[in-house]
Each structure stands twice: as C-alpha cells, then as structure tokens.
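> my questions are about this predicted structure, shown below with the sequence.
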Amino acid sequence: MQTDVLIVGNGAAALAAARFLPKNMRVLIVAKSGEKSTAKRGEGGSNNTDLAQGGIACPIDENDIESHIADTIKAGAGRCDEKAVRTLVTRGFDLIRELCALSLPFDRDEKGGLIRAKEAAHSKARVLQVQGDHSGFFLRLFLLDQLSAPQLYGAVIDLLIEDDCCYGATFFDGEKMENIYANRVIIASGGIGALYASTTNEPLILGELQGIAAFRGLTLKDMHFTQFHPTAIDRKDSVQKPLLSEALRGAGATIIDDRSRRFLEDYGENELSPRDRLSRAVFAHIQSGRKVFLDLSAIEPSLFRSRFESADRLAAKYGLKPPISPAFHYSIGGIAVDSNAKVLGVKGLYAIGEAASSGVHGANRLASNSLLEALVFAKIAAENIADDFSANGDIKIDPIGAAALNGKDDQTALETIRQTLWNRFGVVRQKSAMIEGKAILESLEKGDLGVLTRRSLLTAKTIANCAIAETQNVGAHYVKKETD
Ligand code: SIN
C-alpha cells in the first residue's frame, strides 16, 4: 500500500494534522481502535483525547500572551524550550481564532463571550471548553466531522527506516502484516499511561511507538518527566482511574482528609498549586496513613449540570466527597523533534502531541496546554509537509516478518512493568529503588515477549534510564534522600 502521508493515531493531534494537510494529498490514518468515537461522554474509549476534561488553554487576548508564556515556563520549572513555548502560545492564540471561525462550538455565556475556566498554576482563568468537562470528546467529534482521510485499525509494528529516511510503517490489521509506504509519516499515537499501574489514561496507551522509535535508533527525550494528576478517583479494581478535573478546584472544590481537614497547608500548598507539588502533597498524606478526598460540596448544583457533567456522573457513583489519589496522567517526554515537529536524525518522519518531546512543557506541564500543543504542532507539521513535499523513490523493505506478535510472557511482563514504574518511578522516587527497578525491567528481556511488548519494555527502560541519569529534583521528577 502507498500513500502520501501516513498518520499514526486518531486523537486530537492526528485528526488535526489530517485536517490541515493540503486537500490534494493522499492521507491515511492508522489507529488502534476501530470505532468513530467509542467514549461515552467522559467514560473512556479509544484514546486520551476523548477523556480530556480540562479543555484548551489559550490567551484571553493579545495582552495575555506574555502572561500565558510566563505561566507555562514557570510551571515547566526551568526546563522549557522558551522558543517552543512562544510558538505554542502565539500560534495557539491565532489557531483558536481560526477554529472559532470554523465553528468549533466553544462554550459561551449568554452574551456570546467565551467562557474560561481557571486551572492550577494559571495566573488567570483562560481555559476554553467545549461542553464543559467533555471538552476532549467534543473537540475530537468536531475534528472527525471534518475528516475525509480513511482510517485503518490495527497496530503499527515497526517504522520503515533506511539510511536515515522513513519510508512508512509496518502495520498489522488483525489478520495480515503489510508495509504501508508513505512519503511522510506523522506519529501522533499518544503517551505511555497504561505502562503505569495507576493512570487516568486509556488502557490502550502503551508507549509502543516511543519504543519502536528507540529501537530504530531515534532519541527519546525527558521520558522521566512523567506527570501525575493529583485528583484521580482512588478505585482499586482497575488500572484506569476516573479523573476529577482541576477545573473543579478552580470552581471551589477542596482537598480534605478523613478528619475533614484541609491539610494542604501543612505541605505549603493549596488547591491551585502546580500539579507536581500537589501530587506530592496528596501522596505524602496518603503515605502518612490518612485517606484523602475531593470535597465537591462547595460547587453549585447548577454549575455541576452545566459545566461538570462528567464530575456530576462520578459524584452520583462515588458521592460528593470521592476518595482520591494521584495517578499517572501525561508523558511530558517523548520522541525528540525540532521546531517543525520533525523527528531528529531521520528524514520524512514527524512526531506531534503527547508522543513528541517538543520542549513546551519543560519538567512539568501547565494544565490544558496539551490539547493546545496537539493542535498547534499538528498545524506546524502539516504546513512543513506541504512546503517541503517530495516523493520517495521506489523502495522495498522486508517487513519485520520474523518477529512474533505475541509471546507467552506478555501479560506478566506488562503487569511487572506497571508495578515497577508505579512503585519505583512514581510520584516520589528513591535512587536505590530506581536502580533495582531498572534491573527488574532488564530481567524481563529474557522472557518470551511479543514484538510490541518488547517495544513497550524499551520505553519503560528509557524512563528508568532518564530518571536515574537526572541530577536534579525538578518538576515531575522528585527523588527523596535514602534516609528520609
Ligand atoms: C484536568 O482537567 O484536570 C486535566 C487537564 C490537563 O491535563 O491539562
């Protein structure tokens, strides 16, 4: 099979890239799930975009651009690429206006003005939503409605890379393995969440493309900056935990313990502290033997119905004071790219959204900057492809035929990866535990593993290596002393 542009993934970044590519290009999307949108409004489905509750951070007006840039850099704890942040916010400001003109139905007040939510570490309320806390779901529906590219469902097994040029990908549709040749490939396959034992992410998100990139010699950057969300529902029966959006705290929800105490002050924090610090405070309190809850009772019932339908549904199930705990939420690191979203060290390959490390999030992502990043860098990649398009010459690469898709140790290995990352590369880390964790991950290599489990394992090992190599406590990476 041959196409002009092959896009891997079908979340916001992938669909936006397809939308912004020139209409005369042949575009093909390959993704893991087959349904148009399997999520039931905030209850999960095929990709993380469907689950995104917060919305899209965007400067209120031109005067707010510098402040949004400053908030992003401050949250990023000194590790942002400042040029990339400026691109994110300035291009994002224009792009949101473009999307308004395309009739993306952002929530508006009775006078027609955009409603903006407040989230942690933003100096102002600037987060735009689409149908309140179903923002990701409705953004994706909007993009799907504009989509003309065909979608195939199955799994990408490999990237076709030879002589530092990417020629496509090997794809398994559930029955047969084949090479899809493409003049340009965009990786928009999301993060790594389900490699952690506790996550707000979709269980399908296993960091396979990051592992494939690393296997093919490409650089993964900042993989230890794994962001934890402080307010996921502490439900023990599944890896995936329902998220309670930061916007709830922006609207007055408080964090309390089993003595009904607002304890965050003990840790020098408050409900709107950056999420790395807040996650550590909640985690430390749980470690000290307390239970922690999000108290939703201060939120007006009418606001629940109009702005927080997901939370309303969760409150119906778990009560107005649901038990919470931090859970893995977002992979800040990813496949290293340049300012045009081109993957470093290889021609014809792009990475965007959570799969990429564009430098905009530094060591700790500012809330709701991720959908903005997905849209902005999708547009940048699409523009770059349009400006710089050329057809690859004829090439024939043998698919990775020898690799078995499944191994008998896959499930045990995945469970061990999850426990190892969660316990040893989690909210709070320790040097000795990380070194042991790395050895546990390495020992899994001897098992009978299918090719994709092997790639997920490589991603997990890269997280371990980056974390062990980091010399500072910064943003989402926090190592406590052995004696603490
Ligand atoms: C949230 O709604 O709390 C999540 C938003 C985000 O991850 O940016």
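Perfect, thanks for sending it.

> check contacts around residue 255.
230-231, 249, 262-264, 271, 278, 282, 292-295, 324 (Cβ atoms under 8 Å, 6 or more residues apart in numbering). Every residue, glycine included, has its C-beta placed from N, CA and C.

> quick check on it: phi, psi?
phi -100, psi 120 (degrees, to the nearest 10).

> for the ligand, see how far away it is.
Relative to the ligand, residue 255 is positioned 13 Å away (criterion: Cβ to the nearest ligand atom, to the nearest Å).

> got it, and residue 63?
Counting by Cβ to the nearest ligand atom, the gap from residue 63 to the ligand is 23 Å.

> count the neighbours of that residue for me.
By other Cβ atoms under 10 Å, the residues close to residue 63 number 8.

> that one should be in a helix, yeah?
Yes. Assessed with DSSP: H, G, I helix; E, B strand; the rest coil, residue 63 lies in a helix.

> mind listing what's buried in stretch 158-166?
For stretch 158-166, the neighbour count (16 or more other Cβ atoms under 10 Å) marks 158-161, 166 as buried.

> could you do stretch 278-291 as well?
Residues 278-286, 290 are the ones in stretch 278-291 that count as buried (16+ other Cβ under 10 Å).

> now stretch 458-477
Of the residues in stretch 458-477, 458-468, 470, 474-477 count as buried by neighbour count, 16+ other Cβ under 10 Å.

> circling back to that earlier point, make a PyMOL selection of the buried ones in the contacts of residue 255.
Command for PyMOL, covering only those of those found buried under the criterion 16+ other Cβ under 10 Å:
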select buried, resi 230+231+249+263+264+271+278+282+292+293+294+295+324
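
> which of the buried residues of stretch 458-477 fall in helices?
Cross-referencing the buried residues of stretch 458-477 against helices under DSSP state H gives 458-468.

> now for the residue in the stretch 1-150 of the chain that the ligand sits nearest to: which residues touch it?
Distances between the stretch 1-150 of the chain and the ligand by Cβ to the nearest ligand atom are smallest at residue 54, namely 2.8 Å. Counting by Cβ under 8 Å, 6+ apart, residue 54 makes contact with 117, 119, 127, 129, 133, 135, 245-247, 367-368.

> residue 362: what secondary structure?
Assigned state for residue 362: coil (three-state reduction, three-state DSSP).

> let me see the contact set for the nearest residue to residue 431 once chain neighbours are set aside.
The shortest distance from residue 431 to any non-neighbouring residue, by Cβ to Cβ, 6 or more residues apart in numbering, is to residue 479 (6.1 Å). With contact taken as Cβ under 8 Å, 6+ apart, residue 479 is in contact with 428-431, 434, 467, 470, 473.

> how about the residues of the stretch 1-150 of the chain by the ligand?
Taking Cβ under 6 Å from any ligand atom as the test, the list of the stretch 1-150 of the chain residues beside the ligand reads 53-54.

> contact residues of the stretch 301-450 of the chain facing the ligand?
Contact residues, the stretch 301-450 of the chain versus the ligand (Cβ under 6 Å from any ligand atom): 329-330, 367-368, 370.

> next, the closest residue to residue 308 other than its chain neighbours: secondary structure please.
Spatially, and ignoring its direct neighbours in sequence, residue 308 is nearest to residue 133 (5.1 Å; Cβ to Cβ, 6+ apart). Following three-state DSSP, residue 133 is assigned to helix.

> residue 133 and residue 245 touch, don't they?
Yes. Shown here, residue 133 and residue 245 form a contact pair, counting by Cβ atoms under 8 Å, at 5.3 Å.

> identify the contacts common to the two.
53-54, 308, 310-311.

> helices - which of those residues land there?
Filtering these for membership in helices, criterion DSSP H, returns 310-311.

> columns pLDDT and distance to residue 63 on top of the shared contacts of residue 133 and residue 245, output as JSON lines?
Formatted as JSON lines, the shared contacts of residue 133 and residue 245 follow (pLDDT from 0 to 100; distance: Cβ to Cβ, whole Å):
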{"residue": "53", "pLDDT": "87", "distance to residue 63": "28"}
{"residue": "54", "pLDDT": "86", "distance to residue 63": "23"}
{"residue": "308", "pLDDT": "93", "distance to residue 63": "29"}
{"residue": "310", "pLDDT": "90", "distance to residue 63": "32"}
{"residue": "311", "pLDDT": "93", "distance to residue 63": "32"}
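
> select only the buried ones of the shared contacts of residue 133 and residue 245 in ChimeraX?
The command below creates a ChimeraX selection of those among those that count as buried (16+ other Cβ under 10 Å):
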select :53,54,308,310,311
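
> of the shared contacts of residue 133 and residue 245, closest to residue 210?
The nearest member of the shared contacts of residue 133 and residue 245 to residue 210, counting by Cβ to Cβ, is residue 54 at 23.5 Å.

> give me the nearest residue to residue 341, chain neighbours excluded.
Nearest to residue 341 is residue 381, by Cβ to Cβ, 6+ apart, at 4.0 Å.

> please tell me how far the closest residue to residue 363 other than its chain neighbours sits from the ligand.
If the residues on either side of it in the chain are set aside, residue 363 comes closest to residue 475, at 2.5 Å by Cβ to Cβ, 6+ apart. Computed as Cβ to the nearest ligand atom, the residue 475 to the ligand distance reads 15 Å.

> next, give phi and psi for residue 475.
Reported as degrees, to the nearest 10, the phi and psi values for residue 475 are phi 50, psi -130.

> the ligand next: which of the ones in helices among the buried residues of stretch 458-477 are close?
Contacts with the ligand within these, counted by Cβ under 6 Å from any ligand atom: none were found.

> where does the stretch 301-450 of the chain dip in pLDDT?
Counting by pLDDT under 70, the stretch 301-450 of the chain has low-confidence residues at 401-403.
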